[in-house]
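S.K.: coords please:
(2 chains)
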2 protein chains.
Amino acid sequence: MAFPIPRRLLLVSNSRLHGEGYLAHCEEQMRSFFGGKVNRVLFIPYALHDQDAYAKTAREKFESLGYELDSIHESSDPVEAVRKSEAIFVGGGNTFRLLKILYDLNLIPEIRKRVLHAGIPYMGSSAGTNVATISISTTNDMPIVFPPSLEALGFVPFNINPHYLDPDVNSTHMGGLREGSMLLVEGNKATLLGRNKARLFLRGQTPTEHEPGADFSFLLTSS
Amino acid sequence: MAFPIPRRLLLVSNSRLHGEGYLAHCEEQMRSFFGGKVNRVLFIPYALHDQDAYAKTAREKFESLGYELDSIHESSDPVEAVRKSEAIFVGGGNTFRLLKILYDLNLIPEIRKRVLHAGIPYMGSSAGTNVATISISTTNDMPIVFPPSLEALGFVPFNINPHYLDPDVNSTHMGGLREGSMLLVEGNKATLLGRNKARLFLRGQTPTEHEPGADFSFLLTSS
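M.R.: Numbers count the residues shown, from 1 in each chain, chains lettered A, B, ... in the order given. Below is the predicted model of the structure:
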């Protein structure tokens, strides 16, 4: 895939490590990812039911890092909120609920435009990481609602299974991000970050383990 | 729901307990459920990829209990196979794959007719238990394919989560069947069988634990 402007993605496995605060385990990576130019981050809380409470938690965290946070659910025009956004953070929760609302509100093409054509940074955690990939086919969540498709934002040409635990996966081309892990994508370069190794599944091959710092850029070329 | 003929269901959480043979943990309940009148059982192996191997495993088990087994995937006319069936067993695997094939082959209305109007016994295990309920919204499986709907056979007006492990469920009206558990439905009577307790979730209520032998008939009246 050739993008006119380098895509910038920070795809985190999970929002909270046991015994730590919200997004505490990826604070350093967030600072470096959003950097000094971003002032306001648009938060997408649709994966959870209580969006007010979720926005409050996310706002406190982002403000502590020096960024203003607008939650899209507080906007009267979500499409316009995406069009004006300078950075996006999609939080975790139920992946089916998240994807369905993104479709229902017609936000999929708008988020794609901002990330792939305007080049704004996209951070996802858990469900927000799932929807950044080609499809949500490797979510562990229950299908509590029925989205019109499993196809997602497609910022990377593979699947990710956040909260990766179990070796018995059904997909033939995906990666498993253990809790505490994240994937940083800058244009055509992909790097594993965080504290834990990740497990890579390729069709017809034995799964392989990769240390933090591993270069996953080869996964960004379409198969 | 009023059925003209009593429905007969044996809904098993899982096909194999750790260290035991295929369907060994529910052998006694299968004998008593299918009884002496059933000669041939129609097996539906669509939840797994290797249907030949799956049918072989199931056939060996059913033959050891004195029943012939026909696998629907060996039939040139699956709809006709259901129409002629005197008992059905739907095996486990991936619930999304199973439900999609049932829709693709137009088997949903045919299985409903056999079970609800002709009153033939329906046994499900894992994915086969999920598809017997109102919807597959409480499956733990990954959505590796996209069925046209989450709506399932609807033989009981609630959801079941087979392989129940985790208290953090999203549904508000469901039951959790731990491995080794099963639910027997005979007309308007529902009974918990097997070795383990089950956990019942009702909207707005604290979940409750129920011992094997518990009468769950009250769940069969539509909410």
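
S.K.: can the biggest helix by length in chain A be found next to chain B?
M.R.: Ranked by residue count and defined by DSSP state H, the top helix of chain A is helix A:51-64. No - Helix A:51-64 lies out of reach of chain B by Cβ under 8 Å from any Cβ of the partner chain, never closer than 15.0 Å. To be clear about C-beta, it is placed using only N, CA and C from the backbone, and glycine gets the same treatment.

S.K.: for that helix, buried residues please.
M.R.: A:51, A:54-55, A:57-59, A:61-62 (16 or more other Cβ atoms under 10 Å in any protein chain shown).

S.K.: same question, stretch A:211-219
M.R.: A:214, A:216, A:219.

S.K.: give me the contacts around it.
M.R.: Stretch A:211-219 has contacts (Cβ atoms under 8 Å, 6 or more residues apart in numbering or on different chains) with A:156-158, A:175, A:181, A:183, A:188-198, A:200, A:210.

S.K.: list buried residues within those.
M.R.: Buried subset of the contacts of stretch A:211-219 (neighbour count, 16+ other Cβ under 10 Å): A:156, A:158, A:175, A:181, A:183, A:190, A:192-194, A:196-198, A:200.

S.K.: returning to what we had before: could you dump the buried residues of helix A:51-64 to a markdown table with pLDDT?
M.R.: Conversion of the buried residues of helix A:51-64 to a markdown table gives the following (pLDDT from 0 to 100):
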| residue | pLDDT |
| --- | --- |
| A:51 | 97 |
| A:54 | 97 |
| A:55 | 98 |
| A:57 | 97 |
| A:58 | 97 |
| A:59 | 98 |
| A:61 | 97 |
| A:62 | 98 |
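
S.K.: related to what we said a few turns ago, now tabulate the buried ones among the contacts of stretch A:211-219 in CSV and tack on pLDDT, secondary structure and distance to residue B:126.
M.R.: Below are the buried ones among the contacts of stretch A:211-219 laid out as CSV (pLDDT from 0 to 100; DSSP: H, G, I helix; E, B strand; the rest coil; distance: Cβ to Cβ, whole Å):
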residue, pLDDT, secondary structure, distance to residue B:126
A:156, 93, coil, 32
A:158, 92, coil, 28
A:175, 68, strand, 26
A:181, 87, strand, 30
A:183, 91, strand, 32
A:190, 92, strand, 36
A:192, 91, strand, 34
A:193, 91, strand, 37
A:194, 87, strand, 34
A:196, 86, coil, 30
A:197, 88, coil, 31
A:198, 90, strand, 29
A:200, 91, strand, 28
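
S.K.: possible to save those as a markdown table with distance to chain B?
M.R.: Formatted as a markdown table, these follow (distance: Cβ to the nearest Cβ, whole Å):
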| residue | distance to chain B |
| --- | --- |
| A:156 | 18 |
| A:158 | 14 |
| A:175 | 14 |
| A:181 | 19 |
| A:183 | 19 |
| A:190 | 22 |
| A:192 | 22 |
| A:193 | 25 |
| A:194 | 23 |
| A:196 | 21 |
| A:197 | 21 |
| A:198 | 18 |
| A:200 | 17 |
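
S.K.: out of the residues you listed, which is nearest to residue A:97?
M.R.: Taking Cβ to Cβ as the measure, residue A:97 sits nearest to residue A:156 out of the buried ones among the contacts of stretch A:211-219, at 21.8 Å.

S.K.: put the alpha carbons of the longest helix of chain A into CSV.
M.R.: Output of helix A:51-64 as CSV, limited to C-alpha atoms (Å, rounded to 0.1, in the frame of the first residue of the first chain):
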residue,chain,number,x,y,z
GLN,A,51,-19.3,7.4,27.4
ASP,A,52,-19.4,10.4,29.9
ALA,A,53,-17.4,8.5,32.5
TYR,A,54,-15.0,7.2,29.9
ALA,A,55,-14.3,10.6,28.5
LYS,A,56,-13.6,11.9,32.0
THR,A,57,-11.0,9.2,32.5
ALA,A,58,-9.4,9.8,29.2
ARG,A,59,-9.5,13.5,29.6
GLU,A,60,-7.7,13.4,32.9
LYS,A,61,-5.0,11.3,31.4
PHE,A,62,-4.4,13.3,28.3
GLU,A,63,-4.5,16.6,30.2
SER,A,64,-1.8,15.2,32.6
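
S.K.: elements contacting that helix?
M.R.: If you count contacts as 3 or more Cβ pairs under 8 Å, 6 or more residues apart in numbering or on different chains; DSSP states H and E, helix A:51-64 packs onto strand A:40-44, strand A:68-71.

S.K.: what's the angle from it to strand A:40-44?
M.R.: Orientation note: helix A:51-64 sits at an angle of 150 degrees relative to strand A:40-44 (axes from the mean of the first three to the mean of the last three Cα atoms, to 10 degrees).

S.K.: what sits against residue A:78?
M.R.: By Cβ under 8 Å, 6+ apart, residue A:78 lies in contact with A:72, A:105, A:107.

S.K.: ok so, going back, quick one, which of the helices and strands packed on helix A:51-64 is packed in tightest?
M.R.: Greatest average neighbour count among the helices and strands packed on helix A:51-64 goes to strand A:40-44 (a mean of 24), per mean count of other Cβ atoms under 10 Å in any protein chain shown.

S.K.: which neighbours in the sheet does that strand have, and how are they oriented?
M.R.: Strand A:40-44 pairs in its sheet with strand A:68-71 (parallel), strand A:88-90 (parallel), by DSSP bridges.
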